[in-house]
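Mind looking at a prediction? Sequence and model below.
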Amino acid sequence: MNFVKKHSLAIGAVTALILSSCMSHPAPETGASPAMGNSVITAEAPKPDPRVGLKAGWFDAAQTSWNIDLVSSTQPSAKFLSITTPGASSLWNSDLAMSGNYVYQGNFSGYQVWDISNPMKPTLATAYVCPGSQSDVSVYRNLLFVSGESTAGRTDCGMEGVPDSVSQDRLRGIRIFDVTDVAHPKYLANVQTCRGSHTHTVVTDPKDPDDVYIYISGSAGVRSPNELSGCSAMTPDKDQNSSLFRIEVIKVPLAHPEQARVVNGARIFEGLTNPARHGEPAADVAAAEARAAAAGRGGRGGRAPAPAPGTAAGPTQCHDITVYPQIGLAGGACGGYGLLLDISDVSNPKRIAAAADSNFSFWHSATFSNDGSKVLFSDEWGGGTQPRCRTTDKLEWGADAIFTISADKKMTFQSYYKMPAPQTVTENCVAHNGTLIPIPGRDVMVQAWYQGGLSMFDWTDSAHPKEIAYFDRGPMNKDTLYIAGYWSTYWYNGYIIASEIARGLDIFALKPSAFISQNEIDAAKSVRFPFFNAQDQPRYVWPATFALSRSYVDQLERSGGLSSGRISSVREALASAEKEGGDARRSALSSLADRVDRDAAGSRDAAKVKMLASSVRDLSNAAK
């Protein structure tokens, strides 16, 4: 979310109005299973769209899915569940990180760790109370990093807040834990930063195995230099050490993580001016005025109007940064811009390209295609707390923007993608966090849309992205907006893990359909990581398996890249070779690879045919 986590007046007033006007609902026992609802597998999306008009409810909302299975739904643990106040802001679940069989789920009051050894029945490993909002989490080996931005966050994780305007007890930055023993985490250290840490990105440097780096994105105001020496709210023209217009880079020595420190303030925003953005719809302006009047404030809900395009300096901070160390690039979602960064020198990132779009309101996060030839930026218009998927909202607003990246690192816009089902005025809905799914030879992504649910789409053709699966629930309440829905939906070692702001943790499994074959699902499941942070994007590399080769055959059948007769012949040859062993298998697969190579010359999808030939040759080399 893009709003400042220090009990800001605007959001605080909205939340107060939301909560005070709603009746409380009793919660069922933690771990209770939801009604599974309507789940279908079809080649075309169901019509009319069953996501429209779903029954509201907290843990008993109606739900529907298409081409995907919900395998478990686990409510928050007792320390992170408000029995009387649905959607309590102090207990919102936030981002996810994964390590081994554990899922780390951030929460505005700390974090929970779930053991997903059995994805159908996750169990709680620990619930660590440590308020600080929004507690975004990342893991690296035995270390857990947690963001803190709230002015009420304490260095000792206390619940009493920090009443003084200047205090050495305040934590705004990164907390570092040793989670070698997951059930008993050790609080090792913290690194204080001038604007706190709204989000952060763990950055691995292929050239530096002894350290890990963290890029800090802090969107709050600059703290007093009396609280943290060196902080300055002046602009760079008045103070060259300004805390504005930069991102902090933290270096963490893996042998001594307690010695972590800020090593650079990278000024990646120089020369950017305020970009053009779309205005608010008239109905939203009127609603903001009404909220302001009710709270005793005047003027657009207490917000100052944005400066005219080009008349003021651009963003002073990024909201989120996704790094892709294997290609030396990062995508910075930075207020009014999407930035492309060179991170070949990890401690000193440099801006190499920038994109602005008047249809975008708040650039939120980024995802690269696996080959690095494309990048997708999301727009969190409304900050995650507003309904931005109504029938009156344009599909270009609160959406994803897809760009191709040229050899000289220029970004070229291709298309927008937005979850297509209209949502109600009581459902906060806008683009949020997601990841690629490792389906070979394709760019398929699963993405959170808050109370718009989960949407999975194929953007291999960057000009024509297409939804291929979804899951959605009804709103928390049919009459009043409660903040809920998916904060993050990430693929991890064979499953989609989803953080639901108010309802807990959901786990999904892919279903074979006209869009994704069982072979493609099996190939995706073959890609495994010891730990996973979505913002430290790894390169997907597929081991040599028959499922991988058959995935390419399925794709060539789907695209018409080979004739039906040739498709059948290749499938028969793979089946025959799989029954063989040793030299016989190697010989059969080597011969098949040579024949498929020759097919490329006459194919309408020559690149995919070459992928198939290469995968068959790898199988041959791996044969024993």
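Thanks, I have the structure now.

which strand residues sit across from residue 128 in the sheet?
residue 111 (DSSP bridges).

pLDDT at it, what is it?
Model confidence at residue 128, given as pLDDT, is 98.

Surely it touches residue 107?
No - at 9.1 Å, residue 128 does not count as touching residue 107 under the criterion of CB atoms under 8 Å. In short, each C-beta sits where N, CA and C put it, glycine included.

Counting by contacts, list what the helix or strand where residue 353 lies packs against.
Element membership for residue 353 (DSSP states H and E) is strand 350-355. When contacts are defined as 3 or more CB pairs under 8 Å, 6 or more residues apart in numbering; DSSP states H and E, strand 350-355 packs onto strand 337-342, strand 411-417.

Residue 128 and residue 107 - which one has more neighbours?
Just comparing residue 128 and residue 107: by other CB atoms under 10 Å the higher neighbour count belongs to residue 107, 30 against 22.

In contact with the more buried one, which residues?
Residues counted as contacts of residue 107 (CB atoms under 8 Å, 6 or more residues apart in numbering) are 76, 80, 91, 92, 93, 94, 135.

now swap in residue 129 and tell me
79, 109, 110, 157, 159 are the contacts of residue 129 under CB under 8 Å, 6+ apart.

Next, work out how far apart the fourth one and residue 145 are.
With distances taken as CB to CB, to the nearest Å, residue 157 is found 15 Å from residue 145.

Same question for residue 347.
17 Å.

So these two - more neighbours on which side?
Counted by other CB under 10 Å, residue 347 and residue 145 do not tie: residue 145 has more neighbours, with 27 against 16.

re the thing from before, check the contacts of residue 129 and tell me the two furthest apart.
79 and 157 (12.5 Å; CB to CB).

quick one: which of those two has more around it?
Between residue 79 and residue 157, counting by other CB under 10 Å, residue 157 is the more crowded of the two (17 against 14).

Can you tell me the closest non-neighbouring residue to the more buried one?
Distances taken as CB to CB, 6 or more residues apart in numbering put residue 130 closest to residue 157, at 3.7 Å, once the chain neighbours are dropped.

one step back: now what about the helix or strand following the strand holding residue 353, what contacts it?
Heading C-terminal from strand 350-355, the first helix or strand you meet, by DSSP H and E, is strand 363-368. Applying CB under 8 Å, 6+ apart, the contact partners of strand 363-368 are 2, 319-322, 324, 327, 329-338, 374-380, 431-436, 445, 535, 537.

residues in contact with the most centrally placed residue in the chain?
For the chain, the residue sitting closest to the mean C-alpha position, by CA atoms, centre = their mean, is residue 433 at 2.4 Å. Residue 433 makes contacts with 95, 365, 378, 447, 448, 487, 488, 489, 490, 534, as judged by CB under 8 Å, 6+ apart.

same check, this time on residue 552
440, 441, 608, 611, 612, 615 are the contacts of residue 552 under CB under 8 Å, 6+ apart.

got CSV for the residues you listed, with pLDDT too?
Output for those, formatted as CSV (pLDDT from 0 to 100):
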residue, pLDDT
440, 98
441, 97
608, 98
611, 98
612, 98
615, 98
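
Of the contacts of residue 433, which is the most crowded?
In the contacts of residue 433, the most neighbours by other CB under 10 Å go to residue 378, 30 neighbours.

where does it fall, helix, sheet strand or coil?
Counting by DSSP: H, G, I helix; E, B strand; the rest coil, the backbone at residue 378 sits in strand.

re the thing from before, of the contacts of strand 363-368, which belong to strands?
Among the contacts of strand 363-368, DSSP state E puts 320-322, 324, 329-334, 337-338, 374-379, 433-436, 445 in strands.

which of the contacts of residue 552 tops the neighbour count?
That'd be residue 612 among the contacts of residue 552, by other CB under 10 Å, with 30 neighbours.

From the chain's centroid, how far away is the host helix or strand of it?
Under the criterion of DSSP H and E, residue 612 resides in helix 606-622. What separates the centre of helix 606-622 from the centre of its chain is 32 Å, taken as CA atoms, centre = their mean, to the nearest Å.

Run through who's touching that helix.
Applying CB under 8 Å, 6+ apart, the set of residues contacting helix 606-622 is 440-441, 542, 544-546, 548-549, 552-553, 555-556, 559, 561-562, 570, 574, 577, 585-586, 589-590, 592-594, 596-597, 599-600, 603.

Now a PyMOL select for only the buried ones of those residues.
Listed next is the PyMOL selection for buried residues among the contacts of helix 606-622, using 16 or more other CB atoms under 10 Å:
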select buried, resi 440+441+542+544+545+546+548+549+552+553+555+556+561+562+570+574+577+585+586+589+590+592+593+596+597+599+600+603
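
Nearest spatial neighbour of residue 478, chain-adjacent residues omitted?
Per CB to CB, 6+ apart, closest to residue 478 is residue 56, 4.0 Å.

Can you tell me how far residue 431 is from residue 411?
18 Å.

who's more crowded, these two?
Applying other CB under 10 Å to residue 431 and residue 411 shows that residue 431 carries more neighbours, namely 31 against 21.

Any regions of the chain where pLDDT drops low?
For the chain, residues meeting the criterion pLDDT under 70 lie at 2-39, 291-292, 295-308, 311.

redo that, cut-off 90
The model of the chain has pLDDT under 90 over residues 1-43, 82-88, 132, 206, 218-220, 236-237, 270, 274-315, 335, 623-624.

Would you map out the domains in it?
9-275+310-532, 546-622 (automatic domain parsing).

Would you check how far apart the residue lying closest to the residue nearest to the centre of the chain once chain neighbours are set aside and residue 535 are?
Leaving out its chain neighbours, the residue that sits closest to residue 433 by CB to CB, 6+ apart is residue 488, at 4.0 Å. Distance, residue 488 to residue 535, by CB to CB: 10 Å.

Over to residue 609?
35 Å.

Ok, residue 484 next?
23 Å.

Residue 161: what's its closest spatial neighbour, skipping adjacent residues?
Residue 161 sits nearest to residue 152 (CB to CB, 6+ apart), 4.0 Å away.

Just the element for the nearest residue to residue 203 once chain neighbours are set aside, please.
Spatial nearest neighbour of residue 203, excluding adjacent residues (CB to CB, 6+ apart): residue 213 at 4.2 Å. With secondary structure defined by DSSP H and E, residue 213 is part of strand 211-217.

Going by contacts, tell me the helices and strands next to that strand.
Against strand 211-217 (3+ CB pairs under 8 Å, 6+ apart) you get strand 173-178, strand 199-203, strand 247-253, strand 320-324.

how about those strands in CSV, adding mean neighbour count and distance to residue 501?
Converted to CSV, these look like this (neighbours: other CB atoms under 10 Å; distance: least, CB to CB, whole Å):
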stretch, mean neighbour count, distance to residue 501
strand 173-178, 23, 21
strand 199-203, 26, 16
strand 247-253, 21, 26
strand 320-324, 26, 17
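
would a markdown table of the ones you listed with distance to residue 426 be doable?
Formatted as a markdown table, the helices and strands packed on strand 211-217 follow (distance: least, CB to CB, whole Å):
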| stretch | distance to residue 426 |
| --- | --- |
| strand 173-178 | 35 |
| strand 199-203 | 27 |
| strand 247-253 | 36 |
| strand 320-324 | 27 |
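
out of those, which comes closest to residue 47?
Closest among the helices and strands packed on strand 211-217, using CB to CB: strand 320-324, at 34.7 Å.

Need the residues that contact the closest one.
199, 201, 203, 215, 217, 247, 329-333, 341, 343, 364-368, 372, 534-537, 539.

redo that, cut-off 7 Å
199, 201, 203, 215, 217, 330-333, 343, 364-368, 372, 535-537 (CB atoms under 7 Å, 6 or more residues apart in numbering).

Return the members of those residues classed as buried.
199, 201, 203, 215, 217, 330-333, 343, 364-368, 535-537.
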